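> turn this into a model:
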Amino acid sequence: MSVLLQVVLPIFALIGIGYLSARMKWVSEEGLRGMNDFVFRFAMPCLIFDGATTPHPGGGATALAFFTGCLTAYALAILLARWVLRMKLGEAGTFGLNAAFGNTGMIGIPLVLAAYGQAGLAQLLAIVGLHSLILLPIGTVVGEIAHGGRAPVLKILRATMVSVLRNPIVIAVLAGFIIYQGGIPVPGWARYFLELTGAAGPPVALFCLGATLVAFDARRDWPSALICSALKLVVMPLIVWGMTRLVDLPPLPTAVALIAAAMPTGANAFFLSRRYAAGAERSGATVLLSTLLSIVTVAALLLFLAPE
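Presented below is the predicted three-dimensional model:
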């Protein structure tokens, strides 16, 4: 029960406060945009760069187990959407992305930090760095194929990769990896700056996440959104858990991989579905519904992972 009070309750309470603040107009839209820019262009990159340049064991095996399970869940979701739910390819592609693309940044990082500290964050970094690099280009290719290839696929794919590589969080992971592997020391004053600034990232990110949920509505598309949420919150973690057993991961990497797999659908899946006009309303409903349901599923997972 202590894990619920010390980890889950504060995190989802901050999300709830963000949602209430946006709903009640306690914070202006301009203010929220400023907070969001501060988090993702400055605070979270500092936090991630600090973690990436602190001595830590590699997370390659953790990422391997996670992405093998993630891509398997993505493929299963597309097959389900096509052959059972009878969706068109474009909608099936975004349905699959909804079932595989988790919110590893806004919720995953604060959750892993709260539960496992810097050791857990070190394992999560490989997943965070590769998440968009792997899933968004795949989603882009499926979207272009569904649209009959009217736009040059390679051109769109290249633009997507450039956009991802310009993401400050991805840049922080890559820069931290280069500096750590190169043995370049980080001065004490710079380390303190990274720690001080990065500490603001997780709480403000959770607040901003709650505020963004106001824009989503699950009333019309809740049946299919519920199916997709079940795939994201239950089926994908089970597949990843099987992969961690297969590669015999130690307890900490296993826990981090499972928590990353159990994250609710990330908003990038919604943005891609809106770009291709393929089930955007369903995607938004899945973001909202999976975030609400993850309060229960993440709490249950943390209880399962808690040491005896």
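> low-confidence ranges in this structure?
Counting by pLDDT under 70, the ranges of the chain that qualify are 1-5, 147-153, 156-157, 276-278, 307-308.
> biggest helix in it by residues?
Of all the segments of type helix in the chain, defined by DSSP state H, the longest one is helix 109-146.
> next secondary structure after that one?
If you walk from helix 109-146 toward the C-terminus, the next helix or strand you reach (DSSP states H and E) is helix 153-165.
> tell me how far the longest helix of the chain lies from the chain's centre.
Distance, stretch centre to chain centre, for helix 109-146: 6 Å (C-alpha atoms, centre = their mean, to the nearest Å).
> what of stretch 257-273?
The chain centroid and the centroid of stretch 257-273 are separated by 4 Å under C-alpha atoms, centre = their mean.
> mind listing what's buried in the longest helix of the chain?
109-116, 120-144, 146 (16 or more other C-beta atoms under 10 Å). Every residue, glycine included, has its C-beta placed from N, CA and C.
> equivalent analysis for stretch 72-89, please.
Across stretch 72-89, burial judged by 16+ other C-beta under 10 Å covers 72-74, 76-78, 80-82, 87.
> number of nearby residues for the residue nearest to residue 270 when sequence neighbours are not counted?
Of all residues beyond its chain neighbours, the one nearest residue 270 is residue 283 (4.4 Å), with distances taken as C-beta to C-beta, 6 or more residues apart in numbering. Here the neighbour count serves as a burial measure; for residue 283 (other C-beta atoms under 10 Å) it reads 28.
> so is residue 283 in a helix, a strand, or just coil?
At residue 283 the chain is in helix, as set by DSSP: H, G, I helix; E, B strand; the rest coil.
> residue 94 is in contact with that one, correct?
Yes: between residue 283 and residue 94 there is a contact under C-beta atoms under 8 Å: 5.5 Å.
> between those two, what contacts are shared?
Common contact partners of residue 283 and residue 94 (C-beta atoms under 8 Å, 6 or more residues apart in numbering): 269, 273.
> for whichever strand or helix holds residue 177, packing partners?
Of the helices and strands defined by DSSP H and E, residue 177 is found in helix 168-181. Under the contact criterion of 3 or more C-beta pairs under 8 Å, 6 or more residues apart in numbering; DSSP states H and E, helix 168-181 touches helix 44-52, helix 109-146.
> angle of the longest one against helix 44-52?
Using axes from the mean of the first three to the mean of the last three C-alpha atoms, to 10 degrees, the inter-axis angle of helix 109-146 relative to helix 44-52 is 110 degrees.
> so which other helices or strands are in contact with the strand or helix carrying residue 270?
When secondary structure is defined by DSSP H and E, residue 270 falls within helix 267-275. Applying 3+ C-beta pairs under 8 Å, 6+ apart, we find helix 267-275 packed against helix 89-100, helix 109-146, helix 280-305.
> list the helices and strands the shortest one packs on?
Helices and strands touching helix 89-100, by 3+ C-beta pairs under 8 Å, 6+ apart, are helix 60-83, helix 109-146, helix 222-230, helix 267-275, helix 280-305.
> any buried residues in it, and which?
Taking 16+ other C-beta under 10 Å as the neighbour-count basis, helix 89-100 is seen to contain the buried residues 90-100.
> ok and it relative to helix 222-230, angle-wise?
Using the same axes, to 10 degrees: helix 89-100 against helix 222-230 is 50 degrees.
> list the contacts of helix 89-100.
70-71, 73-78, 80-82, 85, 87, 135, 139, 142-143, 145-147, 224, 228, 231-232, 235-236, 265, 269, 272-273, 276-280, 282-283, 286-287, 290.
> also stretch 105-117?
With contacts defined as C-beta under 8 Å, 6+ apart, stretch 105-117 is touched by 3, 6-7, 10-11, 15, 40, 44, 47-48, 102, 120-121, 123-124, 127-128, 169, 201-203, 205-206, 208-209, 252, 255-256, 259-260, 263-264, 266, 291, 294, 298, 302.
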